[in-house]
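Participant: Show me how the following folds:
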Amino acid sequence: MTEFQRADGVAIVTGAAGGMGSHCARLLGEAGWTELILCDLDEARMAPVAEALRATGAKIDLLGGQITDPAFPGQLLDKLGARSIGAVIHTAGVSPHMTTAERILQINLDATQAIVDAIRPRMAQGGAAVLYASMASYFSGGAEADAAFEAPLPAGGSAELMHFVANEGMAYTLSKRAVRAIAKREAKGFGERGARIMSLSPGLIDTSMNAGEANDHTAAMLSGAALPRLGRPAELAAASVFLVSPQAGFITGCDLRVDGGALSSLGI
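Facilitator: Now for the predicted structure:
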């Protein structure tokens, strides 16, 4: 590949109907990606995003379904067909107020690992994947729990780690810590294919999902941040599309914090 030549292949976005995922899909189209696979719970929710991209001439495939379904990775590869993967932006996930601790681990952790396992052998030379973690992943769940979630997923999945999880908030924090660890651990394997993988940790972002998490603690974090405002979904999308671009070609195995300086203001 010549300097700054975009990877061949398909761009995949999970959570593509959501605030961050839909912006990622739009910006990928603006960046010149002409073949995309958009994934979310059902195809109808993705229709507006898909139609806007198709109006620009892009070829769009839709995959509706639960990412925790054991069949989901295979369905994604079926949509891919013989094509290779140039970019993946995995935004799909749930926050503490949305479901049980067990489901948070299944969606945020088990499904993320399953998707990474599926895409790894299909990555194009120069391709890249971004996994959405969270600012919350930088808070400790205790030394033993942190170590357990940073290790490879046990054979029985996150069910074997439930004894570390006291509540939904802890499930979220530890599941997102695990996402960061996946990106770090997988970098060598992706690199052997000439591809990259990294994580991105959003801070407090102006989306409907994050609105349900507003409380005195998040308000205090926001007021103390270097940039005391909510982030915009388009800002997360711009960072994500940069990370999968050739301009970021020497970045892999690490986490990008897009949090307005909230963590640094806490000394983290």
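Participant: Tell me who's in contact with S134.
Facilitator: 172-173, 176, 179, 201-202 (CB atoms under 8 Å, 6 or more residues apart in numbering). Yep, even glycine has a C-beta here, placed from its N, CA and C like the rest.
Participant: Any chance of those in a markdown table with pLDDT, neighbour count and distance to M123 as columns?
Facilitator: A markdown table is the format used below for those (pLDDT from 0 to 100; neighbours: other CB atoms under 10 Å; distance: CB to CB, whole Å):
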| residue | pLDDT | neighbour count | distance to M123 |
| --- | --- | --- | --- |
| Y172 | 97 | 25 | 28 |
| T173 | 98 | 25 | 29 |
| K176 | 98 | 29 | 23 |
| V179 | 98 | 27 | 18 |
| S201 | 98 | 21 | 22 |
| P202 | 97 | 26 | 24 |
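Participant: Sitting in helices, which of those do you find?
Facilitator: 172-173, 176, 179 (DSSP state H).
Participant: which one of these is nearest G260?
Facilitator: Distance to G260 across the ones in helices among the contacts of S134 (CB to CB) is lowest for K176, with 17.4 Å.
Participant: hang on, that closest one packs against F139?
Facilitator: No. Contact between K176 and F139 fails when scored by CB atoms under 8 Å: they sit 9.6 Å apart.
Participant: on that earlier part again, and the ones in helices among the contacts of S134, which is closest to L53?
Facilitator: For those, the nearest to L53 is V179 (26.5 Å; CB to CB).
Participant: can you count the residues close to the residue lying closest to the closest one once chain neighbours are set aside?
Facilitator: Excluding the flanking residues, the one nearest V179 by CB to CB, 6 or more residues apart in numbering is A133, at 4.3 Å. Residues lying near A133 (other CB atoms under 10 Å) number 28.
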